[in-house]
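Asker: Build me a model:
(chains A and B)
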Amino acid sequence: KNEVEQSPQNLTAQEGEFITINCSYSVGISALHWLQQHPGGGIVSLFMLSSGKKKHGRLIATINIQEKHSSLHITASHPRDSAVYICAVENYGGSQGNLIFGKGTKLSVKP
Amino acid sequence: EAGVTQSPTHLIKTRGQQATLRCSPISGHTSVYWYQQALGLGLQFLLWYDEGEERNRGNFPPRFSGRQFPNYSSELNVNALELEDSALYLCASSFRVKANQPQHFGDGTRLSIL
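Answerer: From the prediction side, this is the model:
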């Protein structure tokens, strides 16, 4: 079993829809990251959070430490949101300093 | 402010050769991380350098190595290249880990092994 699981693997939405991507992890963490990867390969860091909720524009990220679960929400989705969204955790202890990644959720938003 | 820069963008090598990939972190960042993204696989942690020292490495053979220079730029070296080394190699930088800072990624080097 992977230490970081994301769902769904693939997601197709119509422009304007509300989107939720889920991430569950099984290790103790110091922080959780949500990343966006466009087809060219470059990665943009969207959020880093260790508790509660963060909002940036149309993006909202939440984390429940007790349940070891995080969600990324996109409100009023747009075709430019089409990308792979990756959840990653910073594991305190033996894996200090590096990120453990989920396999990503490929989002396609149709006009 | 310049972001994380990686060079080259693309690199084509043959089996058995050696590859050198370069990364310049954001100014002020002392930590550099290397990740591998092979086709069909998720991102995997390779190496972490901070203040010139290797701090941690992932589950990769010793032919994957690197170093960090006094100006905090970094090189990733891959010796005795194998076909399965074909991947996108991403570099990220951050302020020191203790500050719990986010990582900023470069656009990657796409390494193709023929």
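Asker: State the helix or strand in which A:S30 lies.
Answerer: strand A:29-37 (DSSP states H and E).
Asker: Contacts made by that strand with the rest, please.
Answerer: Defining contact as C-beta atoms under 8 Å, 6 or more residues apart in numbering or on different chains, one finds that strand A:29-37 is touched by A:23, A:25, A:43-50, A:61, A:63, A:70, A:72, A:83-92, A:99, A:104, B:100, B:102-103, B:105. Where C-beta positions appear, they are placed from N, C-alpha and C, glycine not excepted.
Asker: mind listing what B:I113 touches?
Answerer: For B:I113, the contacting residues are B:13-15, B:81-86, by C-beta under 8 Å, 6+ apart.
Asker: next one: B:Y33
Answerer: B:Y33 is in contact with A:97-99, B:45-49, B:91-94, B:103, counting by C-beta under 8 Å, 6+ apart.
Asker: Which two of the contacts of B:I113 have the greatest separation?
Answerer: Between any two of these, the greatest separation by C-beta to C-beta is 14.0 Å, found for B:T14 and B:E84.
Asker: Show me what the residue most central in space within chain B is bridged to.
Answerer: Nearest residue to the geometric centre of chain B (C-alpha atoms, centre = their mean): B:W34, 3.1 Å. Using DSSP bridges, the bridge partners assigned to B:W34 are B:L47, B:C91.
Asker: cool, A:S70 as well?
Answerer: Residues in beta-bridge contact with A:S70 (DSSP bridges): A:C23, A:I63.
Asker: burial count for it?
Answerer: By other C-beta atoms under 10 Å in any protein chain shown, the residues close to A:S70 number 26.
Asker: Pass me the low-pLDDT residue ranges in the chain, would you?
Answerer: You didn't pick a chain, so chain A it is. Chain A contains residues with pLDDT under 70 at A:1, A:92-97.
Asker: The intended chain is chain B.
Answerer: Ranges of chain B meeting pLDDT under 70: B:1, B:97-100.
Asker: can you rerun that using 80?
Answerer: For chain B, applying pLDDT under 80 flags the ranges B:1-2, B:40, B:96-101.
Asker: Would you map the strands across it?
Answerer: B:5-7, B:10-13, B:19-24, B:31-37, B:43-50, B:53-57, B:64-68, B:74-78, B:87-94, B:104-105, B:109-113 (DSSP state E).
Asker: again, but for chain A
Answerer: For chain A, applying DSSP E gives strands covering A:4-7, A:10-14, A:19-25, A:29-37, A:43-49, A:52-56, A:59-64, A:69-74, A:83-91, A:99-101, A:105-110.
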